[in-house]
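no FASTA, just this:
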């Protein structure tokens, strides 16, 4: 039996800047109900009102209409995206502030697990330290409803995984705003979507959001046939935009698989680049950065040890690892900002780089969009092509009328998107991205993936966003803090599989482990290293894996129907079990194919 909500809004309406952000004068307002065990993803474009809705739920903003009801005794805690640490001497002083501060020992218990010293001075603390302190403070308050605004920003992979584990055990409700698709898919069981002034809810986790979004836009298009021409055009554009982008992304992912397969062919079975074997002029001419037996230390600590890699034109390389593992050092070595202690880094003379990092120095508050993107002009040179600024801004999901808007009035996500628009216009053949996904909404993330896929140069990306790396990079460099750099053809998931396989005890002296070969997308002629059965598996498993992927997607689409569970709970359970079985079979098939691929390509 469904439990009563711990918080609800009836007939919600809010004006902002002279317009209705939620509800409106000609509507009954919007309704929102949050149950005691809801795990909600809050989705919406930048500017849709996600953070505003958080503040309304927490009673920080009063609505213009509607009634807010909260179950007596409900403790609501907000994990803000950018909390203010300036009034405090130490991180612990921050954690113990507020109307209902937690106990110090409870904060210390969580901080210890996150690896943060709460006596650290607040002034000068890094983004990662402040984020861990904010998490420690929020979780120590034992909330009944936890509101999290981009909780994974500035966290390394180990901290993200710890937070995911804590939230999986958490017995209360939470609502989360996040660009981290992997985080959302693993944790949420329902989705709230802010779309064109409407609050939509569906009791399916973020994994079913894209199918739901497509259904909504398709229905809009059907309704538009019975409405005036202007609305018809708008609804068709929405449907066509979503469908076309999804098709383009599928095509780009297929291209990515091919590029990963080609990259795997340039590596030996241990994952080391074949520097010594690439002696032909055609391969050398494609190389833009060559690292040969590079080492770098600070004091007694080895940051990078005996690292070799040949980076070619068109490579998309992801760099992952815990904070302090050496990601920035490796990036600086590869781009020539830092000299190695041993070995050499050779950089092509024709290489011209653009670096987009977390600093927003270019975005001074008093500048306008026109100033930032086109230096005050109506026209901009986009990698050799002249474009009108308004048309170019549309490519980055901006309203063309924003050209004279001051940077000071823009949201964090809009500023990040503006910086991307500016930097991607510059002529270059090397793009360096340092945590590019911070402050971006999901739609802008899709756009960024498209732009990177279409970029005809080389890309180096430092990121903790696992899904973004899986959709973007051809090669992953994984750092464990010991100085060793793992080189894996593929994305984050491929690196994780290799780490897991390496950590498992060998079954026998001759047992094989999974390699860094990409997911299957090819077949082969009979190979002398394989038995007849092995050869058949090697050729047929890719098709079977694709069948399983299609079955999983179909099942998830069916489960996205909010009425299915109440109408036919047995069917809901059967489909859920079928998806679990398909995933298990898919994982086993991929592991089997990877084992065979190692023997073929090794």
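Done, it's in. A quick note: this is a predicted structure, and the numbers were derived from the prediction, not measured. Numbers count the residues shown, from 1 in each chain.

May I see the buried residues of stretch 153-161?
Buried residues in stretch 153-161, counted by 16 or more other Cβ atoms under 10 Å: 153-157, 159-160. Using the backbone N, CA and C atoms, a C-beta is placed for each residue, glycine as well.

Spit out the contact partners of residue 465.
Applying Cβ atoms under 8 Å, 6 or more residues apart in numbering, we find residue 465 in contact with 152, 179-182, 437.

And for residue 580, the neighbour number?
Residue 580 is flanked by 12 other residues according to other Cβ atoms under 10 Å.

Residue numbering should commence at 33 henceforth.
OK, 33 is where the count begins now, so the last one is residue 612.

Any stretches of the protein with poor pLDDT?
Within the chain, the stretches with pLDDT under 70 are 33-34, 255-286, 295, 297-317, 389-394, 534-561, 592-594, 597, 630, 632-634.

How is it divided into domains?
As assigned by automatic domain parsing, the chain contains the domains 33-107+175-188+205-237, 313-532, 564-633.

can you tell me which of the buried residues of stretch 185-193 lies nearest to residue 513?
residue 188 (10.4 Å; Cβ to Cβ).

which residues does that closest one contact?
Contacts of residue 188 were listed using Cβ under 8 Å, 6+ apart, and they are 160, 353-355, 357, 496.

If we use 6 Å, what do you get?
Residues near residue 188 by Cβ atoms under 6 Å, 6 or more residues apart in numbering: 354-355, 496.

ditto for residue 469
Contact analysis of residue 469 by Cβ under 6 Å, 6+ apart lists 211, 497, 500.

any idea how far residue 505 is from the closest residue to it other than its chain neighbours?
In space, and not counting its chain neighbours, residue 469 is closest to residue 497: 4.5 Å by Cβ to Cβ, 6 or more residues apart in numbering. According to Cβ to Cβ, to the nearest Å, residue 497 stands 11 Å off from residue 505.

same check, this time on residue 613
Distance check for residue 613 against residue 505: by Cβ to Cβ, it reads 30 Å.

higher neighbour count, these two?
Taking neighbours as other Cβ under 10 Å, residue 613 and residue 505 compare with residue 505 leading, 31 against 13.

could you pull out the helices for the stretch 233-382 of the chain?
Ranges of helices in the stretch 233-382 of the chain, per DSSP state H, counting those that start in this stretch, are 241-256, 261-296, 313-318, 359-366.

So which bits of the first one are buried?
Along helix 241-256, these residues count as buried under the neighbour rule (16+ other Cβ under 10 Å): 241-246, 248-249, 252-253, 256.

Tell me the one of those residues nearest residue 73?
Using Cβ to Cβ, residue 241 is the member of these that lies nearest residue 73, at 7.1 Å.

Could you measure from the nearest residue to the closest one once chain neighbours are set aside over to residue 217?
Closest residue to residue 241 apart from its sequence neighbours, by Cβ to Cβ, 6+ apart: residue 223 at 5.3 Å. Distance, residue 223 to residue 217, using Cβ to Cβ: 11 Å.

again, but for residue 66
In terms of Cβ to Cβ, residue 66 sits 20 Å off from residue 217.

Report the contact partners of the residue nearest to residue 241.
With Cβ under 6 Å, 6+ apart, residue 223 has these contacts: 73, 234, 238, 241.
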